[in-house]
Structure formats: C-alpha cells, structure tokens
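Enquirer: give me the fold of what follows.
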Amino acid sequence: MLAWYREGINPQSRLPYLATYLGHKDINSTLVYLTITQELLQQASERFRVRGVDVLRASTGANA
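Expert: Model (predicted):
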C-alpha cells in the first residue's frame, strides 16, 4: 500500500488485484490484514491536501 501511495497509484484500484493475488475471495478478506501506519497516513493526507485544495477553495469561494 505504501509503495502504491509513493508511486502515485490509487490503492482502491489495486485492492482487487491484491485480493486475488493473496487468494482471497473478496477485498474484505484482504482488508483484515492491512494495517494503517503513520507513514501511510501521512502519504494519504498529503495526497488529499494536494488534490483536494482546489476543490476546497472552489467550494468556499477562496482565492489561491
């Protein structure tokens, strides 16, 4: 997961592949084994900050 974030890959799009690779019947079975770490949280937060800032500005009417 962390490598996907670092590479700019959307983890949601890769979870079905990970589940299949691990031999799980669905994504929920895979999610049990995933643990959020501080570094993963930071990567996700940064991605949200970068991609979400324009949306937030537009919705509040704030200028850049």
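Enquirer: from here on, contacts and neighbour counts on C-alpha atoms
Expert: Will do.
Enquirer: ok, Ile27 to Ile36 distance?
Expert: Remark: distance between Ile27 and Ile36 (Cα to Cα, to the nearest Å) = 16 Å.
Enquirer: Ser13 now?
Expert: Plainly put, Ser13 is 18 Å away from Ile36 if you go by Cα to Cα.
Enquirer: tally of neighbours for Arg47?
Expert: Other residues within reach of Arg47, judged by other Cα atoms under 10 Å, total 15.
Enquirer: ok, the residue nearest to Leu15 when sequence neighbours are not counted - contacts?
Expert: Leaving aside its chain neighbours, Leu15 sits nearest to Ile27 (6.5 Å; criterion: Cα to Cα, 6 or more residues apart in numbering). Counting by Cα atoms under 8 Å, 6 or more residues apart in numbering, Ile27 touches 15-16, 19.
Enquirer: between those, which is nearest Leu41?
Expert: Closest approach between the contacts of Ile27 and Leu41, by Cα to Cα: Leu15, at 17.2 Å.
Enquirer: picking up where we left off before, of the contacts of Ile27, just the buried ones, PyMOL syntax please.
Expert: The buried subset of the contacts of Ile27, as determined by 16 or more other Cα atoms under 10 Å, is captured in PyMOL by this line:
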select buried, resi 15+16+19
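Enquirer: how much space between the residue nearest to Leu2 when sequence neighbours are not counted and Leu34?
Expert: Closest residue in space to Leu2, ignoring its immediate chain neighbours: Leu40 at 5.7 Å, by Cα to Cα, 6+ apart. Taking Cα to Cα as the measure, Leu40 falls 11 Å from Leu34.
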